[in-house]
Each structure stands twice: as C-alpha cells, then as structure tokens.
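Trainee: Give me a model of this one.
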Amino acid sequence: MDFNSKKCKIMRITKKQVPFPNRVHLSDTVLEEVKEFKDLGILTNNGLSWNSHTDMITAKANRMLGLIKRTCMDLKDESTLKTLYCSLVRSNLEYCSVVWCPFTKRNVNKLERIQRRATRIILNSNEPYDVRLHKLNLLTLEQRRFVVDVTFLFKALNGHLDVDFSQFLDFYSQEDRYLLRHFDTKSLKKKYARTNILKNSYFYRIVDEWNSLPLEVRSACNVDKFKASVIKFVTKL
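Mentor: Here you go, the predicted model:
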C-alpha cells in the first residue's frame, strides 16, 4: 500500500524545549512537521496537553447548543430539549473521553460550563446547578467520565472488548498477602508515575477509580448491572 506523502505529517511528542532536529522522508518527500494533529476526531499536540482538544469540542458544543436555543425558542417540552442536548451536544463532549479525559481545573470547568448553560436553557431556570441536574436526572460530566472509564475497563476484563490490558494493569493476588489487609484480589496495583500527564493517563487514573468502587460493584455479573451500580455509587458521593 502506498501512502500519500502530502497527507502525512510528523509530530514529535516530547517535553524537551529543544528536541533533536531531524528530517523524515517518505517517497523522497520531506514530511511536514506539525505541533498539533487531528486524527479520528481527537486533536493531539506534541506536549500531550488536551487544552486544544477541549477548546475545539467546547466551541463545537456551544455552537450546537446555540442552534438548539434559536430553533426551539417556542418549544417548552423539557424531555425533547433534554434529548436534543444529550444527542447533539453532550455526545461531542464525551466522544472518546477515555483517551483525553481532562484533569486540569481549566478543562474540567470549561466542559462543565456547557452543561450548566444547557440545563438553564432546558428548564428556563436559574436554580442552583445541582437542583437542575436532579430535576433532569442528569449526572455531571465529570461523573459521567468516571462511569465511562470504569465501564470500559469492566467490558475489557469480561471479554466484551477485544483489548488486552494484562501488560498495563496488574491485580493483587494471594501472593500479596501482606497487602490484602487493605485490598482484595479484584483491586489494581498502583504504579509509579513521575509526570502529571502520565499520572492522569487512562491506565494510571483507572487504578484509583476502580479501587474506589465497592467490591460488590466490581463483582457485577453483567455490564448493565455494573453500570447501574456505578451510577448509583457516584450519585451518593
């Protein structure tokens, strides 16, 4: 298979201020070097910061929410407005969040601000945010990302996804008897991470998220029961 060199780019992912310069050739063509690249709907930059991706999806979500507000000015049905928000706006804010899940206050608040605005539009109310969420039976976007993270792992562990996590995650076993006073065999071992980027990447943050779930939740027999139990768990936090 031949690659179109005009559509191929090179991006160096590094924390160095002055990375080692070198050229990459493809079919006698020097590939263009970029600092950001969008692939499969995710905007990645060379510092593995998700600020640009967050800015992109919030801008898109704001435009869609504004369109809904303008075209549905006379619509008072809360159920219909909620459906429009969930399908056309929230879906953009959650697409592939397992990969880019935000961990900085800047990005977390910027995403949540979209849902705050949406709930005001749906209910035509300025009540406190948590009251509006309760009326609409919605979770915060941060809570929903937690549910998506642990559900993704549950599906992978139980064969619903063709993903092998064995080289990235490690469970406690009977050989770790001295640690089983605080953990169980369904708990994940915490690995060392030096940078904040690595600490908040999926295979590191999922350890604390998974271990925070009660044992009976982690031992659920199917995906639907597991997800319902997780939602019940996060709403009590």
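
Trainee: Check which helix or strand Lys225 maps to.
Mentor: When secondary structure is defined by DSSP states H and E, Lys225 falls within helix 223-236.

Trainee: Next: Leu65.
Mentor: Counting by DSSP H and E, the secondary-structure element that holds Leu65 is helix 51-71.

Trainee: Mind listing what's buried along the following helix or strand past that helix?
Mentor: Using DSSP H and E, the helix or strand that follows helix 51-71 in sequence is helix 78-84. When neighbours are counted by 16 or more other Cβ atoms under 10 Å, the buried residues of helix 78-84 are found to be 81-82, 84. In short, each C-beta sits where N, CA and C put it, glycine included.

Trainee: helices or strands up against the helix or strand following helix 78-84?
Mentor: Tracing the chain C-terminally past helix 78-84 and defining elements by DSSP H and E, one meets helix 91-94 next. With contacts defined as 3 or more Cβ pairs under 8 Å, 6 or more residues apart in numbering; DSSP states H and E, the packing partners of helix 91-94 are helix 51-71, helix 105-123, helix 141-157.

Trainee: Is it possible to get CSV of those that adds mean neighbour count and mean pLDDT?
Mentor: Written out in CSV, the entries for the helices and strands packed on helix 91-94 read as follows (neighbours: other Cβ atoms under 10 Å; pLDDT from 0 to 100):
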stretch, mean neighbour count, mean pLDDT
helix 51-71, 16, 95
helix 105-123, 17, 96
helix 141-157, 18, 95
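
Trainee: how about these in JSON lines, adding distance to Arg218?
Mentor: JSON lines is the format used below for the helices and strands packed on helix 91-94 (distance: least, Cβ to Cβ, whole Å):
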{"stretch": "helix 51-71", "distance to Arg218": "30"}
{"stretch": "helix 105-123", "distance to Arg218": "25"}
{"stretch": "helix 141-157", "distance to Arg218": "8"}
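
Trainee: out of those, which comes closest to Gln167?
Mentor: Closest to Gln167 of the helices and strands packed on helix 91-94 is helix 141-157 (Cβ to Cβ; 12.5 Å).

Trainee: Tell me the pLDDT of the residue minimising distance to the centre of the chain.
Mentor: Among the residues of the chain, the one closest to the centroid is Ser97, at 2.2 Å (Cα atoms, centre = their mean). Reading off the confidence values, Ser97 has pLDDT 94.

Trainee: how close does the nearest residue to it once chain neighbours are set aside sit to Val18?
Mentor: For Ser97, the nearest residue in space outside its immediate sequence neighbours is Arg145; the separation is 5.1 Å by Cβ to Cβ, 6 or more residues apart in numbering. Arg145 sits 35 Å away from Val18, taking Cβ to Cβ, to the nearest Å as the criterion.

Trainee: do the same with Leu169
Mentor: Shown here: Leu169 relative to Val18, a distance of 35 Å by Cβ to Cβ.

Trainee: can you check Asp130 too?
Mentor: Following Cβ to Cβ, the distance that separates Asp130 from Val18 is 48 Å.

Trainee: tell me which helix or strand of the chain sits lowest on mean pLDDT?
Mentor: Least confident helix or strand, the chain: strand 25-26 with a mean of 78, by mean pLDDT, DSSP states H and E.

Trainee: which residues touch that one?
Mentor: 3, 5, 8, 31 (Cβ atoms under 8 Å, 6 or more residues apart in numbering).

Trainee: partner strands of that strand, parallel or antiparallel?
Mentor: When pairs are called by DSSP bridges, strand 25-26 turns out to pair with strand 29-30 (antiparallel).
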